[in-house]
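J.: this is the structure alone, sequence omitted:
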Ligand SMILES: Nc1nc2c(ncn2[C@@H]2O[C@H](COP(=O)(O)OP(=O)(O)OP(=O)(O)O)[C@@H](O)[C@H]2O)c(=O)[nH]1
Ligand SMILES: [Zn+2]
């Protein structure tokens, strides 16, 4: 895992006072504690976390409820991260066990879990992890205005947590009727709006409330979303009723996604931006072997130093990065994963076939991205001579 030097210091500096830490306090349990350690999540098993994001009212909670009532093989812990009224915000933790549903009411003394209080969010999950053995999946609903990148980074950075849980995927629920409006809203400060960020980072995009949208509007929304994120899967739903196999166990951030990524990348087309300065997906392929050191420099210039510019002189901003590259001494394909300023290189279980040429395929989602510049920079600075 690589992160820019400043990132950790920033997080520390932002650490709020101890008493501000939200704690998950069980108020009522319907099941006893004697079940500790039972089930498929034995000691040492890592627990996947799926981040469910989406604009206000898009259908996130509806999706959570659907998953909890629909699925029968997993015991799922849910963290609802919503702003509530009053000082003490009640949060529900529902665990579906043996096909049954039971709930613990948890009090979160501080309102927001993720965006403003990153470290507190981690602690809330650490507290939840003390109940390890009682569940084998975590679903985290972010507030409608959250940047899922910040939440995702939280799971990537913390090494201690990293040993217990892993980020499985980011799901973004989009309102079919108002989605296009949310995506095209311009922010006064020129920053990328939240709705677009949520789509850009998603591994799965659920177009919900299709019952409320006209077919014509739905088509435009679909095209806009595809041009923003050329890699994520898009599904359409009513009442967030989606095939759970498309939502859970995506392994979108680890080496296991190497196989599916290979197929997906073949289908990514570089889209025409639908607006000036809008977020797009660009992809390129360069055959040969990459040099690891130079690859790191290439990525760091792009994500950390932000010195890579488009032909028009604009600074390229990468929100999400995925790739499969070839390093000479590695018999397996190496996966590149990036979210904001964090990135990671990891060997996949997929080996290079002896009868086919080695190659490097990269996909970038972000702003001011210039495919030609990126591809040429890669070919001239990263590739082995
Ligand atoms: N017509 C229609 N309504 C839906 C659909 N899915 C959800 N709703 C309704 O939309 C409203 C918002 O749904 P929620 O699931 O609470 O949305 P959310 O994203 O969790 O909302 P916030 O947490 O407030 O951001 C609820 O009244 C749902 O019943 C759908 O497919 N069609
Ligand atoms: Zn909700």
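T.: Nice, I can see it. Bear in mind the structure is a predicted one, so any value in this text is a computation, not a measurement. Numbering: from 1, shown residues only. Ligands and ions are numbered 1, 2, ... in the order given.

J.: quick one: the strands in the stretch 151-300 of the chain?
T.: 165-175, 204-208, 233-236, 279-287 (DSSP state E, counting those that start in this stretch).

J.: from one end of stretch 361-379 to the other, what's the distance?
T.: End-to-end distance for stretch 361-379, by CA to CA, to the nearest Å: 12 Å.

J.: okay, now residue 150: neighbour count?
T.: 17 (other CB atoms under 10 Å). In short, each C-beta sits where N, CA and C put it, glycine included.

J.: ok, the one 3 residues further on next?
T.: Residue 153: 20 surrounding residues under other CB under 10 Å.

J.: spatially nearest residue to it (excluding sequence neighbours)?
T.: Leaving aside its sequence neighbours, residue 153 sits nearest to residue 342 (CB to CB, 6 or more residues apart in numbering; 5.4 Å).

J.: tell me, how many residues neighbour the one you found?
T.: Residue 342 has 20 nearby residues by other CB under 10 Å.

J.: what bridges to it?
T.: Beta-bridge pairing for residue 342 (DSSP bridges): residue 339.

J.: can you offset everything so residue one is 42?
T.: Noted, 42 is the first residue going forward, which turns the last one into residue 383.

J.: and it, how far from residue 291?
T.: As judged by CB to CB, to the nearest Å, residue 383 and residue 291 stand 18 Å apart.

J.: and if you look at residue 244?
T.: 5 Å.

J.: save the strands of the stretch 192-341 of the chain as TSV, and put in mean neighbour count too.
T.: Shown next, in TSV, are these (neighbours: other CB atoms under 10 Å):
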stretch	mean neighbour count
strand 206-216	26
strand 245-249	25
strand 274-277	16
strand 320-328	20
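
J.: before we move on, back to that, mutual contacts of residue 244 and residue 291, please.
T.: Common contact partners of residue 244 and residue 291 (CB atoms under 8 Å, 6 or more residues apart in numbering): residue 210.

J.: hmm, back to that, the residue nearest to residue 194 contacts residue 44, doesn't it?
T.: Yes: judged on CB atoms under 8 Å, residue 383 makes contact with residue 44 at a distance of 5.1 Å.

J.: quick one: pLDDT of the residue lying closest to residue 277 once chain neighbours are set aside?
T.: Nearest non-adjacent residue to residue 277, counting by CB to CB, 6+ apart: residue 248, 4.6 Å away. You'll see residue 248 listed with a pLDDT of 98.

J.: likewise for residue 316?
T.: 57.

J.: again with the one 10 residues further on
T.: The confidence metric pLDDT takes the value 94 at residue 326.

J.: bridging residues for it?
T.: residue 402.

J.: what's the distance between it and ligand 2?
T.: Residue 326 sits 40 Å away from ligand 2, going by CB to the ion, to the nearest Å.

J.: wait, a strand at residue 361?
T.: Yes: judged by DSSP: H, G, I helix; E, B strand; the rest coil, residue 361 forms part of a strand.

J.: any idea what it is bridged to?
T.: residue 380, residue 406.

J.: residue in the stretch 192-341 of the chain nearest to ligand 2?
T.: residue 214 (9.3 Å; CB to the ion).

J.: can you check the chain too?
T.: For the chain, CB to the ion, closest residue to ligand 2: residue 102, 3.3 Å.

J.: could you look up the SS state of that residue?
T.: Applying three-state DSSP: residue 102 is helix.

J.: and the nearest residue to it once chain neighbours are set aside, how many neighbours?
T.: Closest residue to residue 102 apart from its sequence neighbours, by CB to CB, 6+ apart: residue 182 at 6.5 Å. By other CB under 10 Å, the residues close to residue 182 number 23.

J.: quick check, residue 182 in contact with residue 103.
T.: No: assessed by CB under 8 Å, residue 182 is found out of contact with residue 103, at 10.5 Å.

J.: which residues sit against the lengthiest helix in the chain?
T.: Ranked by residue count and defined by DSSP state H, the top helix of the chain is helix 256-269. For helix 256-269, the external contacting residues (CB under 8 Å, 6+ apart) are 215, 217-218, 220-221, 224-225, 237, 240-241, 246, 248, 251, 254, 275, 277, 312-315, 319-322, 406.

J.: what number of residues lie near residue 307?
T.: 10.

J.: ok, now which ones touch it?
T.: Counted by CB under 8 Å, 6+ apart, residue 307 has zero contacts.

J.: same thing but at 10 Å, please
T.: With contacts defined as CB atoms under 10 Å, 6 or more residues apart in numbering, the neighbours of residue 307 are 324, 326, 402.

J.: distance check, the second one against residue 100.
T.: Counting by CB to CB, the separation of residue 326 from residue 100 is 36 Å.

J.: the first one now?
T.: Relative to residue 100, residue 324 is positioned 30 Å away (criterion: CB to CB).

J.: show me the shaky parts of the stretch 142-291 of the chain.
T.: Residues of the stretch 142-291 of the chain meeting the criterion pLDDT under 70: 142-175, 197-204.

J.: all helices of it, in order?
T.: Along the stretch 142-291 of the chain, counting by DSSP state H, counting those that start in this stretch, helices occupy 159-170, 189-198, 200-203, 220-225, 235-242, 256-269.

J.: can you check the stretch 292-426 of the chain too?
T.: With DSSP H, counting those that start in this stretch as the criterion, the stretch 292-426 of the chain has helices at 299-308, 333-341, 412-422.

J.: quick one: the first one to strand 320-328, angle?
T.: Put plainly, it is helix 299-308. Inter-element angle recorded for helix 299-308 and strand 320-328: 100 degrees (by axes from the mean of the first three to the mean of the last three CA atoms, to 10 degrees).
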